Each structure stands twice: as structure tokens, then as C-alpha cells.
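K.L.:
task: produce atomic coordinates for the following.
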Amino acid sequence: MEAVQRWACEKCASPGCCEPQRWCWWLHERLTKLVDETGKQVNLYYDLQNRKYEKLQDAAFFWGSPMLLPPFLAALRIHEDVSRFLAFLFSRHASSPTLHRCLDTKWGAVLRSGYVTMVENQEELSKQVAKIFWEIGATSRFTNFRWITTSEQMMPVREGWQLIFNGFIGMRRSLGFLRLTRHRLGLLRPQHVDSDSDHLLPKEGGEYDTWELRRSLFQDDRKFTDKMVLRFLIRKVFVAVTG
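P.N.:
Numbering: from 1, shown residues only. Sure thing, here's the model as predicted:
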């Protein structure tokens, strides 16, 4: 990537064409196109499954539900590929000077939050897919229900589709927000993080508005509750409930 950018900068006639203000928004447009195009592919597979489902209903061939699985698996593969590509992108934050100039900004922080939301959604999607696969292995059906009730058979798959769409919606919202706030002052200004890690500490009221609480929830690492979290629960949650 650095070699391609270096070659493009050498060929560029404008002296400012390789500044972060241009390069980062070029990257933004490419990511937007990626999410939009892959989202369209997912919609096509979803429409294909719906057409097959209508044929099953019209023919009353209730044992043909396995034909509904391939479109779902194809959409699942697209979701996973996008997630892996974005993981590779963020993994280059420290090692790529080109990406570092973009990701180490408020723009990068918003994009990172959207991607983490997609990963958190993917965890739920993986659990749902595991349930479907387990039931297929056990009963050759999507759920432990009678074959004739096709609508009930499709419920686990529909839930999986919704989780796939949620992943793309989260990234699309982040990219759309950045597009709307493109001209906001300081959006591409580097973020300076204090060396004493004050940004990781809870605030005065006990609120965790950083990644610490989000990481704890995602990794299910809630073995104990410290004083700051208890203070937040007492001041913000318990008071609101009892009041």
C-alpha cells in the first residue's frame, strides 16, 4: 500500500494530493463503496432465498427447506470477508505510516467504533449459526419443530439474516456520519493520548466512556465490580430505578 501511494504521489501534479485531508477521504470513499457493494450482494442472496421459500410454499414441499441454506451461507461468507478485511486494515495502524495518519484521528476513532460494533454483532451471529448447524446435524432441520411448519423452521435463519444486516448497518452508519461531518474542524487532526493512560480511567461520576467497559462486556470478563463502577450504578442506575 505504501508503494502504491508513493508512486501515486510522485505522479500527482498537485502538491497537496497526498495530504491526509485527501488520502483519508479517498480511503473513506473506498470503504464506503466496499460496504455498499457487499451489502447489495447480501440483499441479492436474501431475495434469492425469499423466492425459493415462496416456491416451497406454493408446492407444499415442506421437506425442501435445505435448498434455503446456500443463500444464507453465501451471505455469511460475505459478512465474514468484510470483517476480516477491516481487521487487517486496523492491524496495520502502527506499522503502516499511510494508514496511521488516518486511523490516529477522530475520523479513525469513529470508524474503529463502527468496526468493533460489527465484530460484537458477529459474535452473536456466530452463536446463532452454531445453533443452526447443530440442529442440522442432529435433526437435518433448522430447528426442532415439525417439518410442515415451514415458517417456524425458518425462524433461526431469519434471525441470522437480521444479524448479518445489523453488521452492515453499523458500518454504514459510521461511514455515513463521517461523510456528513466531513468538513468539521479537527476531524483529521491527530489524537494525542497521555502516557499515564488517564484516558482509560473512569470519569468523576464513575462512567466508563472508553474501551475498558466495552472490552469487559465483550469478553464477558465481569468477575468483580470495582468501587468506581459501583459508584456509577448507585448514582445513575439505582437512583433512577428507585426514584
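K.L.:
Ile169 falls within a strand, correct?
P.N.:
No - if the criterion is DSSP: H, G, I helix; E, B strand; the rest coil, then Ile169 is helix and not within a strand.
K.L.:
quick check: it vs Ser96, distance?
P.N.:
28 Å (CB to CB, to the nearest Å). The way it works is simple: take the backbone N, C-alpha and C, and place the C-beta from them, glycine included.
K.L.:
just the buried residues of the biggest helix by length in the chain, please?
P.N.:
Secondary structure of the chain per DSSP state H: the longest helix is helix 20-59. Neighbour-count burial for helix 20-59, counted by 16 or more other CB atoms under 10 Å, picks out 20, 23-25, 27-28, 31-32, 34-35, 38-39, 42, 45, 48-49, 52-53, 56.
K.L.:
tally of neighbours for the closest residue to Gly170 other than its chain neighbours?
P.N.:
Take Gly170 and drop its neighbours on the chain: the residue closest to it by CB to CB, 6 or more residues apart in numbering is Thr117, 4.1 Å away. Neighbour count for Thr117, taken as other CB atoms under 10 Å: 18.
K.L.:
helix/strand/coil for Thr117?
P.N.:
Classification of Thr117 by three-state DSSP places it in helix.
K.L.:
tell me the domain ranges of the chain?
P.N.:
2-192, 197-243 (automatic domain parsing).
K.L.:
on that earlier part again, and the longest helix of the chain, what does it pack against?
P.N.:
With contacts defined as 3 or more CB pairs under 8 Å, 6 or more residues apart in numbering; DSSP states H and E, the secondary structure elements packing on helix 20-59 are helix 69-91, helix 97-103, helix 106-139, helix 150-153, helix 155-180.
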